[in-house]
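> Fold the following and give me the result.
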Amino acid sequence: MLDSAVIEVRAGNGGHGLVAFIREALLPRGGPGGGDGGHGGDVVLVADKAINTLTKFHWQPHFIAKNGTKGDGHVRNGAQGESVEVSVPVGTEVWLWEDAEDKELIGDLSQHGQRMIVAEGGRGGWGNAHFVTATHQEPLLAEAGGDGEIRRVRLNLKLLADVGLIGMPNAGKSSILTAISAARPKVADYPFTTLEPVLGVVEAGTRAFVAVDIPGLIEGAHSGIGLGDEFLKHVQRTRVLVHVVDGSEDDVPGRIKAINSEITQFDPELAKKPQILAINKLDLDEVSVLIDEIKESLKDSDGLHSETFFVSAATYDGLDELKQAMFQLLRSSYDNEPPVSEVPEEEIPVLRPVVRKSTEVVVRESDGQLRIVHAKAVRLAKGSNLDSHEARLQFHRRLDQLKVTKALKTAGLESGDTVLIGNWEFDWD
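Numbering: from 1, shown residues only. Modelled structure (predicted):
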């Protein structure tokens, strides 16, 4: 009983740092003025109790945050990229999705307002003003912005039904659920075809709700006859009940009364839920010609809080009207719900998946050449103009400080060997 969707999230890249110098007549001691790049935007999942399905993600599976902008002169930092917030239902599990299967549970949004940074934006690169020291007054180095995380994740939601379809065996509940949703329960012309509750997502434009087909109830269901007590547990958390009755059977009011009696004996609060009556099998002559007579016989029936609908699961007659009535009654149920005391947003922890960053500094390529993969060193190489001799000298000093030089020598580097880093290569001397 899961609703699930696979989405791709792309955080924004960080902006590049700038190499620049302040040279103005009124600022003779200007010096380095390259600002830092702005951080890339995050992709954030936010638990929202007003959403109850993952339907929207089937036609909108991609979410991309904005990149940070590059640094500017006069030590002006770039703007941060705009983050993207994605609302998901409360109770959504977030799984890392690789090779078409769930790899790891990285988050569980179980509380309204809870947030999870599912893809973190790349940090902005430092401009050359950031590298000024007492002994290093004219740095020619800057960092490229870091790449934003790109992930494919599966959202899994354990469905809790909003609407419960109840009624005696063979009344047509499964057929109605099939007609109004994508659910495909087993349907046959004998009682107790459905042996376990079946869930379906019902859509109307951008709106959606979850309906559950409760296997046929019989007299004594509240005490466990026919597993009725187990089935009735599935409708305790629904907000609206749709009571489906076979209009071709004798004593329609008696059948309604019998089921409502079982509901009341099982849980008196369940009997107070809004209930819609759907008289099924309108396509049969014995039902269509007796509509007025059936309506008259139902005037004194208890437990009904809306008009009666005559429908046909076979021909779809009346199902659009029934579906709209479900939406309206469900909306009223939410509107009339007493406000829930909210936990202050600042007290709800923000979830951050554990990022397993590589600890490698140097790797050997298939052709035997050494490649520097130290993240900070790579950003420096990408963000600096290493065609300048002075910039290369400064870059080598930074490799010493980052202990990359030591790692190269440990890996067997010798004078004259070619070293790769990013899109740049140089001969080691």
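
> Show me where this protein dips below the pLDDT cut-off.
Scanning the chain for pLDDT under 70 picks out 1-2, 25-30, 159, 183-197, 206, 216-234, 300-306, 337-347, 355.

> Now do the helices in it.
In the chain, helices defined by DSSP state H lie at 173-180, 228-233, 252-266, 285-288, 291-297, 319-335, 375-383, 389-401, 404-410, listed in chain order.

> Out of these, the one nearest I106 is which?
helix 375-383 (21.4 Å; Cβ to Cβ). Any C-beta I mention is one placed from the backbone N, CA and C, and that applies to glycine too.

> and for that closest one, what are the contacting residues?
Residues lying outside helix 375-383 but in contact with it, judged by Cβ atoms under 8 Å, 6 or more residues apart in numbering, are 16-17, 125, 141-146, 357-358, 372, 395, 398-399, 402, 404, 421-424.

> Can you say which of those are buried?
Neighbour counting by 16 or more other Cβ atoms under 10 Å classes 16-17, 125, 141-146, 372, 395, 398-399, 402, 404, 421-422, 424 among the contacts of helix 375-383 as buried.

> Quick check: G81 vs R115, distance?
As defined by Cβ to Cβ, to the nearest Å, G81 lies at a distance of 17 Å from R115.

> more neighbours, those two?
Remark: of G81 and R115, G81 carries more neighbours, 27 against 20, as counted by other Cβ atoms under 10 Å.

> I'd guessed the more buried one sits against N67; true?
Yes: here G81 reaches N67: they are 4.9 Å apart, a contact under Cβ atoms under 8 Å.

> hmm, back to that, deepest-packed of the helices of the chain, please.
Among the helices of the chain, judged by mean count of other Cβ atoms under 10 Å, the one packed with the most neighbours on average is helix 173-180 (a mean of 24).

> which secondary structure elements does that one contact?
The elements that helix 173-180 packs onto, with contact taken as 3 or more Cβ pairs under 8 Å, 6 or more residues apart in numbering; DSSP states H and E, are strand 163-166, strand 198-204, strand 207-213, strand 240-246, strand 275-280, helix 319-335.

> thinking again about what came up before, mutual contacts of G81 and N67, please.
Residues touching both G81 and N67 by Cβ under 8 Å, 6+ apart: 12-13, 15, 40-41, 148.

> Buried among the residues you listed? Make that a PyMOL selection.
Buried subset of the shared contacts of G81 and N67, written as a PyMOL selection, criterion 16+ other Cβ under 10 Å:
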select buried, resi 12+13+15+40+41+148
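
> Turn the shared contacts of G81 and N67 into TSV, including distance to D267.
Converted to TSV, the shared contacts of G81 and N67 look like this (distance: Cβ to Cβ, whole Å):
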residue	distance to D267
G12	50
N13	55
G15	59
G40	51
G41	48
G148	50
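
> Looking at the shared contacts of G81 and N67, which one is closest to S332?
Within the shared contacts of G81 and N67, the smallest distance to S332 is 38.2 Å, found for G41 (Cβ to Cβ).

> surely that closest one meets A11?
Yes: with contacts counted by Cβ under 8 Å, G41 reaches A11, the gap being 6.5 Å.

> got any residues that touch both of those two?
Common neighbours of G41 and A11 (Cβ under 8 Å, 6+ apart) are 65, 121, 148.

> surely the last one meets G122?
Yes: judged on Cβ under 8 Å, G148 makes contact with G122 at a distance of 4.6 Å.

> Quick check: neighbours shared by the two?
Common contact partners of G148 and G122 (Cβ under 8 Å, 6+ apart): 11-14, 40.

> I figured K103 hits V94, correct?
No: using Cβ under 8 Å as the test, K103 is too far from V94 to be in contact (11.6 Å).

> More neighbours: the two, which one.
Set side by side, K103 and V94 show more neighbours around V94, with 24 against 13, by other Cβ under 10 Å.

> ok now do the residue lying closest to the more buried one once chain neighbours are set aside, which residues does it touch?
Nearest-residue entry for V94: G107, 4.0 Å, with adjacent residues in sequence omitted and distances by Cβ to Cβ, 6 or more residues apart in numbering. Taking Cβ under 8 Å, 6+ apart, we find G107 in contact with 45, 93-94, 116, 118, 351, 353.

> Please apply the same query to F310.
Listed by Cβ under 8 Å, 6+ apart, the contact partners of F310 are 247, 279, 282, 287, 291, 294, 317-318.

> Who does it form a beta bridge with?
Listed by DSSP bridges, the beta-bridge partners for F310 are I279.

> what's the answer for R371, then?
Taking DSSP bridges, one obtains V363, L420 as the residues bridged to R371.

> surely it meets E365?
Yes: under the criterion of Cβ under 8 Å, R371 is in contact with E365, at a separation of 5.6 Å.

> Which one's more surrounded, those two?
It is R371, of R371 and E365, that has more neighbours when counted by other Cβ under 10 Å, with 16 against 10.
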